[in-house]
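S.K.: After the sequence you'll find the predicted model.
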Amino acid sequence: MSHKYMKVERIDHGTVIDHILPSKAFDVLRVLGLSGDRTMSILVNSHSKKGGKKDILKLEDVELTAEEANLVALVSPQATINIIVGGKVVRKFNAEAPRVVRGILTCSNPNCISNQNEPITSEFKLGPDEGHRYVCTYCERDIIDLAKRISP
Ligand SMILES: [Zn+2]
């Protein structure tokens, strides 16, 4: 038996997010708004069976919705989300880039109305091209590095 692929402890109930881009697991946690006081396993730069590296997150007692699963795509488009109940996978999602993102990202334009002290929630729309690009609804600025624009 090969020990090359490290196994993380199985969970009985929760969510396993697999095929996260290497070193992006912490960005995934931020985009989901999950804090470090939860019970979770984080495997960073694990060797993937398909070659290359990936991160894996196992969140105990959390069942992500399809909508939340799609937020994962903001920082890791190839991720897969498995919901585990009673030790078995009961639902599986592929993270799909959401068309509209409200309140999670911050516009990079300091003059944007969403960055003023107005009660306005930031809103970004997925651009029409294939580039996984988000555009601010208010000032139309593109966000290039999504991970850097996650609201604190
Ligand atoms: Zn803006």
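M.R.: Structure received. Numbers count the residues shown, from 1 in each chain.
S.K.: did I read that right, residue 147 in a helix?
M.R.: Yes. According to DSSP: H, G, I helix; E, B strand; the rest coil, residue 147 belongs to a helix.
S.K.: OK, contacts around it?
M.R.: 24, 27, 30, 74-75 (C-beta atoms under 8 Å, 6 or more residues apart in numbering). To be clear about C-beta, it is placed using only N, CA and C from the backbone, and glycine gets the same treatment.
S.K.: If we use 6 Å, what do you get?
M.R.: Residue 147 sits next to 27, 75 when contact means C-beta atoms under 6 Å, 6 or more residues apart in numbering.
S.K.: Equivalent analysis for residue 62, please.
M.R.: By C-beta under 6 Å, 6+ apart, the contact list for residue 62 reads 14-15.
S.K.: Read off the pLDDT value for it.
M.R.: On pLDDT, residue 62 comes in at 94.
S.K.: Show me where this protein dips below the pLDDT cut-off.
M.R.: Confidence mapping of the chain against pLDDT under 70 gives the ranges 1-9, 130.
S.K.: For it, which residues are neighbours of the ion?
M.R.: Residues of the chain lying close to the ion by C-beta under 5 Å from the ion are 107, 109, 112, 136, 138-139, 141.
S.K.: Looking at those, spot the one nearest residue 150.
M.R.: residue 107 (12.2 Å; C-beta to C-beta).
S.K.: Just the helices from this protein, written as ranges.
M.R.: Here the chain has its helices, by DSSP state H, at 25-32, 66-72.
S.K.: Can you tell me which of those helices is packed in deepest?
M.R.: Most buried of the helices of the chain, by mean neighbour count (mean count of other C-beta atoms under 10 Å): helix 25-32, with a mean of 21.
S.K.: Roughly how far does the residue most central in space within the chain sit from residue 117?
M.R.: The geometric centre of the chain, computed from its C-alpha atoms, lies nearest to residue 72 (C-alpha atoms, centre = their mean), at 2.1 Å. Taking C-beta to C-beta, to the nearest Å as the measure, residue 72 falls 31 Å from residue 117.
S.K.: do the same with residue 30
M.R.: Distance from residue 30 to residue 117, counting by C-beta to C-beta: 23 Å.
S.K.: Output the residues of the chain next to the ion as TSV; include the columns neighbour count.
M.R.: Written out in TSV, the entries for the residues of the chain next to the ion read as follows (neighbours: other C-beta atoms under 10 Å):
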residue	neighbour count
107	23
109	16
112	18
136	23
138	16
139	14
141	15
